[in-house]
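Student: show me the folded form of this:
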Amino acid sequence: MRHSDIALAIIGGTGVYQFAGLQDIEPHQPVTRYGALSGPVRVGTLAGQRVAFLARHGEGHSVPPHRINYRANLAALQALGATRVLALNTVGGITERFGPRVLACPDQLIDYTWGRISTLSEEEGTEVLHVDFGEPYAPTLRARVIEAARAAGVGLVDGGCYGATQGPRLETRAEIARMRRDGCDLVGMTGMPEAGLAREFGLEYACLAIVANWAAGAGPVVDEVITLEEVLANVAAASSGLPALVTEMLSG
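Tutor: Numbers count the residues shown, from 1 in each chain. Below is the predicted model:
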């Protein structure tokens with residue numbers, strides 16, 4: 001079934017397994033040429049418009065970052081009629097503006113992942129794609145996110161560089177120090193190949209990064225131990241304004 005009237009697709013990261021405010025929800029699990037997706041796509045209504053939501057790690061957080069079938073997830077959203085994708089990524093903060101509980105809309109990224117299927121050109125006989133990726137996030141969708149946050153009164157840092165690491169382990173202090181030297185402000189494990197694949201699919205794609213903790217060695221307490229409880233509490237706090245932000249996006 002195709003919902004050509006889907007105004008926005010949202011992909012939820014760690015700690016975001018459903019989207020508050022979504023009503024009249026119907027689950028869909030399209031079959032794609034790339035195999036199984038992370039879980040059902042929940043299509044519902046928000047602000048009078050149809051919105052699709054997919055939990056990237058599965059609704060029980062059962063799929064680690066390197067095992068996510070990013071191609072299937074995006075193919076399913078596109079098959080249901082989505083043309084715009086807002087990716088929610090739970091991240092660590094590296095530089096001063098990006099501390100815990102900050103919400104950010106990055107404009108650049110660096111890919112440190114390896115071994116993941118990162119293109120639609122993987123299979124023999126498929127078209128070889130060389131998409132432009134100088135601006136990895138769609139400028140028009142980013143602008144809409146930033147405008148909506150301002151109108152909804154939701155604090156949002158405009159810009160920043162997302163560094164995508166392999167995971168699922170967290171990074172060493174030396175790795176984070178290298179990423180800081182490279183120009184990264186944020187570190188996460190799912191920003192790539194998702195963003196690159198979205199470009200190959202022809203989808204408008206933007207990232208909302210939810211800062212859950214300081215990255216290793218980046219915060220005021222150098223040897224701070226990161227706990228899951230702390231991460232989830234910070235994600236809940238930072239994402240509390242998301243329904244208002246997305247509602248404003250859909251209303252504008």
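Student: CA atoms for contacts and neighbours, from now on please.
Tutor: OK.
Student: quick one: secondary structure of the residue nearest to T113 when sequence neighbours are not counted?
Tutor: Excluding the flanking residues, the one nearest T113 by CA to CA, 6 or more residues apart in numbering is Q166, at 4.5 Å. Here Q166 is recorded as coil under DSSP: H, G, I helix; E, B strand; the rest coil.
Student: any residues touching stretch 49-59, and which ones?
Tutor: 5-14, 16-19, 22, 38-45, 63-65, 68, 73, 77, 82, 250 (CA atoms under 8 Å, 6 or more residues apart in numbering).
Student: drop anything exposed from these.
Tutor: Among the contacts of stretch 49-59, those buried by neighbour count (16 or more other CA atoms under 10 Å) are 6-14, 16-19, 22, 38-45, 63-65, 68, 73, 77, 82, 250.
Student: list the contacts for N89?
Tutor: Contacts of N89 were listed using CA under 8 Å, 6+ apart, and they are G12, G13, T14, G188, T190, G191, C207, L208, A209, I210.
Student: just D132 next, same as before
Tutor: So D132 contacts nothing (CA under 8 Å, 6+ apart).
Student: and the pLDDT for it?
Tutor: According to the prediction, D132 has pLDDT 96.
Student: next: D24.
Tutor: pLDDT, D24: 94.
Student: could you do F98 as well?
Tutor: Listed pLDDT for F98 reads 97.
Student: next one: phi and psi at it?
Tutor: In terms of degrees, to the nearest 10, the main-chain angles of F98 are phi -120, psi 60.
Student: so what's it up against?
Tutor: Neighbours of F98 in contact, by CA under 8 Å, 6+ apart: A104, V157, D185, L186, V211.
Student: count of neighbours near the closest residue in space to the first one that isn't next to it in sequence?
Tutor: Same thing as A104. Leaving aside its chain neighbours, A104 sits nearest to V157 (4.5 Å; criterion: CA to CA, 6+ apart). Per other CA atoms under 10 Å, the neighbour tally for V157 reads 17.
Student: ok, now which ones touch V157?
Tutor: So V157 contacts R97, F98, V102, L103, A104, C105 (CA under 8 Å, 6+ apart).
Student: also A244?
Tutor: A152, V154.
Student: one more: Q108?
Tutor: Contact partners of Q108, counting by CA under 8 Å, 6+ apart, are E135, P136, Y137, G159, G160, C161, Y162.
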